[in-house]
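Enquirer: Fold the following.
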Amino acid sequence: MASRSAVSRWFLYGAGYWLATFAAFPHPLFGGVVDLGIVASWLPPMFLLLAIDGCTPRMAALRGLGLGLLAHASVLHWAYVVTVHYGGAHPLLGLLAPPGMALYPAAFTAGFAAVAAALARRGVASLFVLAALWVVFDHGRSWVLGGFPWATLGYAQHANRLLLGIVTVTGVYGLSFVVALGGAMLARLVRHRALGREGAVAVLTIVVLHAIGPWLRAPELSANAPTVRIAAVQGNVDQGEKWSPRRFDETLRDYEAGTRAGASQGARIVVWPESAVTVAVEYEREVQARLEALAQETGTALVFGSVGAGKHPEGGVAYYDSAFVLGSTGKWIGRYDKTHLVPFGEYVPLRWLIGRIASAIARGISNRDLARGPAPTARTIPAVPLATSRSGDAEAGEGAVTSARVGIPICYELLFPNSVRRFVGDGAGVLLAVTNDAWYGRTGAPYQFLAMTALRSAETGVWTVRAANTGVSAVIDASGRVRDATRIFESAVLVADVPLRSPDAKPTFYVRHGDAFVVGCAVGVGMAVGWALRRGRRTGHGELELANENQDPVLDQDRE
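Expert: Next up is the predicted model:
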């Protein structure tokens with residue numbers, strides 16, 4: 001039976017993991033935004049490892065599941081707003097929504113804890129293996145059962161200007177690796193008051209990665225790079241009224257006014273948010289004519305979210321969450337259809353089983369599941385006039401034009417680095433991110449989503465102009481720094497001169513090779529597992545080999 005002091009320590013470590021995970025991501029407080037991630041994110045791995053210290057794999061999994069559920073439900077508290085305030089669900093369902101969503105990341109926390117404990121019992125859970133294992137489970141959250149990588153630990157380091165540059169090689173998972181390595185090192189220090197040789201190597205690794213991070217980040221585009229003035233229009237349309245036919249004309253007038261305001265400041269591309277036009281544009285000739293006239297009047301190309309339509313394989317009409325591109329001459333250039341849909345928001349998994357329960361959540365564009373687009377691909381906007389010089393004082397090539405190759409990730413797609421990099425791999429010189437964050441209300445979610453969007457720019461080395469219905473709309477440079485941003489729940493027009501990456505420029509390593517770093521981590525973990533199994537066979541025991549009672553089975557692998 002565990003001693004009272006051991007139980008007390010477990011509760012202390014568990015509370016630490018919960019609070020540190022919550023604090024690692026941005027949250028609104030007293031009219032501002034508190035973002036402690038650059039410091040707090042080192043603590044969750046430390047507290048989790050201390051909480052499972054000495055556990056069997058089964059007990060470690062149970063502790064990981066419980067702690068992961070508690071911590072992630074706190075971060076995902078905004079799910080109540082989504083389901084009750086805007087989804088129309090019963091408050092009881094709203095109370096169940098955060099822990100229900102948290103079950104998914106908590107399962108990966110449990111998996112990490114179980115494997116870490118199993119490896120430790122066979123003496124192969126080094127600090128670097130634990131960090132690689134954390135990356136493997138973080139990455140798993142991006143694709144298993146469709147994926148839900150919200151609050152992946154690496155995002156908490158989005159403001160670390162020294163370290164951020166490594167994502168051009170590793171993606172956000174490199175940040176997860178460094179933070180998990182530091183957390184494992186801190187756990188060893190707490191447990192034994194000493195680091196040992198491997199701990200010293202871990203410290204050196206962290207220092208070196210901070211030192212080379214600025215060198216690895218995407219270079220600033222040259223002064224003669226084509227620069228286009230782009231505007232993002234934040235319409236601030238209440239989610240409860242957004243899809244009301246009575247609100248349609250007023251909403252469109254608001255976006256027309258925002259477009260004229262942007263054009264008056266010299267914008268040549270104007271971006272509206274996701275589903276800004278709440279009808280199937282291709283079936284509404286009057287709406288088409290109105291948009292064509294606006295583009296011609298203002299001399300701007302329009303990029304806006306709306307409803308795409310096509311033939312459904314089962315008959316009838318298939319609807320898409322789409323982004324349309326309309327040239328400044330009034331000519332329709334193309335449409336991009338969202339490829340990664342939101343579970344329970346745009347489609348219902350196992351609809352035959354749980355569709356009635358989830359009907360309050362998954363509604364908006366269509367009563368049936370939305371259709372997926374084929375792949376993330378860029379679109380070309382021809383003959384876009386160049387902006388004035390970046391200082392705004394003089395004309396830079398008056399009358400000159402360029403073709404702007406743009407990627408248009410739509411909302412949820414921005415959570416998936418492997419999807420967004422494909423836009424740039426297809427030649428996009430700028431990302432025009434369109435989203436609707438009204439669902440989240442005045443919670444931490446809009447700011448957490450902005451941090452994830454900033455990582456997409458840092459990974460791909462291109463600027464992002466983000467148009468959000470209620471905010472946060474933002475301009476993000478190629479190194480992942482937010483240059484300008486709006487306040488939430490205000491109407492706004494954000495205008496900036498944005499340099500375009502040349503199609504001839506060499507893409508970042510991450511754009512070219514994707515999650516090669518994750519593959520490397522998986523290989524390292526696989527080798528550790530293989531070595532552990534080999535050691536287990538040598539002992540002749542079918543169960544995991546217990547550590548010496550004087551050793552820490554999770555943390556003390558290099559005692560001198």
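
Enquirer: Every contact and neighbour count from this point should use C-alpha atoms.
Expert: Fine.

Enquirer: So which other helices or strands are in contact with the helix or strand where residue 475 lies?
Expert: Assigned by DSSP states H and E, residue 475 belongs to strand 474-476. For strand 474-476, the contact count by 3 or more Cα pairs under 8 Å, 6 or more residues apart in numbering; DSSP states H and E identifies strand 463-468, strand 482-485 as packing neighbours.

Enquirer: Could I get the pLDDT score of residue 316?
Expert: Residue 316 carries a pLDDT value of 81.

Enquirer: Hmm, residue 276 is touching residue 307, no?
Expert: No. Counting by Cα atoms under 8 Å, residue 276 does not reach residue 307; the two are 9.2 Å apart.

Enquirer: Look at those two and report which has more neighbours.
Expert: Comparing residue 276 with residue 307 by other Cα atoms under 10 Å, the one with more neighbours is residue 276, at 28 against 24.

Enquirer: so how far is residue 98 from the residue most central in space within the chain?
Expert: With distances taken as Cα atoms, centre = their mean, residue 415 lies nearest the centre of the chain, 3.0 Å away. Going from residue 415 to residue 98 by Cα to Cα, to the nearest Å gives 18 Å.

Enquirer: circling back: residues in contact with the residue nearest to the centre of the chain?
Expert: If you count contacts by Cα atoms under 8 Å, 6 or more residues apart in numbering, residue 415 has them with 149-150, 449, 452-453.

Enquirer: Repeat that for residue 165.
Expert: When contacts are counted by Cα under 8 Å, 6+ apart, residue 165 touches 212-218, 458, 479.

Enquirer: what do you get for residue 502?
Expert: Contact analysis of residue 502 by Cα under 8 Å, 6+ apart lists 225, 429.

Enquirer: Mind doing that once more with 7 Å?
Expert: Residue 502 sits next to residue 429 when contact means Cα atoms under 7 Å, 6 or more residues apart in numbering.

Enquirer: Spell out the secondary structure type for it.
Expert: Judged by DSSP: H, G, I helix; E, B strand; the rest coil, the three-state class of residue 502 is coil.

Enquirer: next one: the one 5 residues further on
Expert: Look at residue 507: counting by three-state DSSP, its state is coil.

Enquirer: Tell me, what's the model's pLDDT at it?
Expert: Reading off the model, residue 507 has pLDDT 95.

Enquirer: One more: residue 332?
Expert: For residue 332, pLDDT reads 98.

Enquirer: Strand partners (parallel or antiparallel) of the strand holding residue 475?
Expert: Here strand 474-476 is paired, per DSSP bridges, with strand 463-468 (antiparallel), strand 482-485 (antiparallel).

Enquirer: out of the contacts of residue 165, which are inside helices?
Expert: 212-216, 458 (DSSP state H).

Enquirer: how about residue 481, what does it touch?
Expert: Residue 481 makes contact with residue 454, according to Cα under 7 Å, 6+ apart.

Enquirer: average pLDDT across the helix or strand that contains residue 254?
Expert: In the assignment (DSSP H and E), residue 254 maps to helix 245-264. Helix 245-264 shows a mean pLDDT of 97.

Enquirer: So what's the gap between that helix and the chain middle?
Expert: Relative to its chain's centre, helix 245-264 lies at 29 Å (Cα atoms, centre = their mean, to the nearest Å).

Enquirer: Against which helices or strands is that helix packed?
Expert: Counting contacts by 3 or more Cα pairs under 7 Å, 6 or more residues apart in numbering; DSSP states H and E, helix 245-264 is packed against strand 227-234, strand 492-499.

Enquirer: Now do that helix: everything it contacts.
Expert: By Cα under 7 Å, 6+ apart, helix 245-264 touches 231, 233, 235, 241, 270, 298, 300, 493, 495.

Enquirer: Least confident of those residues?
Expert: The lowest pLDDT within those belongs to residue 241, with 90.

Enquirer: what stretches of the stretch 301-450 of the chain score poorly on pLDDT?
Expert: Confidence mapping of the stretch 301-450 of the chain against pLDDT under 70 gives the ranges 313, 349-368, 388-398.
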